[in-house]
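S.K.: sequence plus the predicted model coming up.
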Amino acid sequence: FIGADNVQIGRAAGQWIADHISDGAKIVELKGLMTSVPAQDRHAGFVEGLGNKGKVVFDADMKWLEPEARKEMASALSRFDDIQEVYAHNDPRAHGAYLAAKAAGREKGILFVGIDALPQEGVAYVDQGLLDATFQYPTGGAEAIDIARKILSGEKVPKKITLKSRVFTKDNVKQGGEVLK
């Protein structure tokens, strides 16, 4: 296994959100395909990290798709006047939620947080001020090639390699984010 810890990433996102919302804040959670382990782990970590700080008032399974997020966020906006935060299991969904809120004239006052932090998506959205934070799920390509070379040369390698993740916010995006602890 070469990859990041989705529970840790979800927990870090939940803690970041808890630090940036008021008690009782209304939260929208736009989930991944909940039959997938990454989505289940990102949700479980988020719930743990958030604690009792806010309340998820609307959630939906987006199957990892931005158009689904726009539709579901529009539904959430029609039901709740005072949403303070959107937590999406990937950056395209966070972006879709932002676009729906902007179309409704309600993007100001809502925090938008996603996961993946790909340079052309999440990191760019944070840099543009569309998302407030994105949590990196490193792709691991370079590490996989390095491990393959070691295996081919007969070296022993660990069976599980957990990659470090980073958080990108407006305060640190220009410096390459901050490593999660």
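M.R.: Now that the structure is in, tell me what you want to look at. Numbering: from 1, shown residues only.

S.K.: what ranges does the chain have for its strands?
M.R.: Under the criterion DSSP state E, the chain carries strands at the ranges 2-3, 25-31, 54-61, 83-88, 111-116, 133-136, 161-162, 166-169, 178-179.

S.K.: run through who's touching the second one.
M.R.: Strand 25-31 is contacted from outside by 17, 21, 39, 42-43, 46, 50, 53-62, 69, 72-73, 76, 80, 82-89, 93-94, 96-97, using CB atoms under 8 Å, 6 or more residues apart in numbering. Where you see a C-beta, it was placed from the backbone N, CA and C, and this is true even at glycine.

S.K.: any idea of the angle it forms with strand 83-88?
M.R.: Computed by axes from the mean of the first three to the mean of the last three CA atoms, to 10 degrees, the angle separating strand 25-31 from strand 83-88 equals 20 degrees.

S.K.: so how far is residue 83 from residue 108?
M.R.: Between residue 108 and residue 83 the distance is 12 Å, computed by CB to CB, to the nearest Å.

S.K.: among these two, which residue is more densely surrounded?
M.R.: Neighbours per residue, other CB atoms under 10 Å: of residue 108 and residue 83, the larger number sits with residue 83, 22 against 7.

S.K.: for that one, which non-adjacent residue is closest in space?
M.R.: Leaving out its chain neighbours, the residue that sits closest to residue 83 by CB to CB, 6 or more residues apart in numbering is residue 26, at 5.2 Å.
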